[in-house]
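Colleague: Please find the sequence and the predicted model below.
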Amino acid sequence: MPENDPLDSFDWNLTSWEGSRREQLRRWAQLTPEEIVRAQEKIAELTECLAHERRGTRDADAKP
């Protein structure tokens with residue numbers, strides 16, 4: 001194996017559900033308040049977009 005194998009330095013604890021959640025919370029905690037607001041706004045926009053697409057798909061499926 002190569003001397004600088006990235007798998008040797010990888011934190012395998014992040015591969016569990018609990019580890020993934022902890023990492024998400026750790027990264028979220030590092031954001032500034034402005035970044036948090038911006039992220040929440042983007043999440044809201046994405047949610048609206050996906051809901052609109054889903055409604056459109058559902059309506060198209062219902063029409064003969």
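Modeller: Perfect, I can see it now.
Colleague: so how far is Leu14 from the spatially most central residue of the chain?
Modeller: Residue closest to the average C-alpha location in the chain (C-alpha atoms, centre = their mean): Gln24, at 8.5 Å. Distance of Gln24 to Leu14, computed by C-beta to C-beta, to the nearest Å: 10 Å. C-beta coordinates here come from the backbone N, C-alpha and C atoms, glycine included.
Colleague: buried stuff in the longest helix along the chain?
Modeller: Longest helix in the chain, counting residues (DSSP state H): helix 33-62. By neighbour count on 16 or more other C-beta atoms under 10 Å, the buried set for helix 33-62 is empty.
Colleague: So Ser20, which state does it fall into?
Modeller: Under DSSP: H, G, I helix; E, B strand; the rest coil, Ser20 falls in the helix class.
Colleague: Report how many residues lie close to Arg22.
Modeller: 13 (other C-beta atoms under 10 Å).
Colleague: Also Trp17?
Modeller: Trp17 has 7 neighbours, counted by other C-beta under 10 Å.
Colleague: and it, backbone torsions?
Modeller: phi -60, psi -40 (degrees, to the nearest 10).
Colleague: ok, now Ser16?
Modeller: Backbone torsions of Ser16, given as degrees, to the nearest 10, read phi -90, psi 160.
Colleague: For the helix or strand containing the residue nearest to the centre of the chain, give me every contacting residue.
Modeller: Using DSSP states H and E, Gln24 falls within helix 17-29. Contacts with helix 17-29, where a contact means C-beta atoms under 8 Å, 6 or more residues apart in numbering, come from 11, 13-14, 36.
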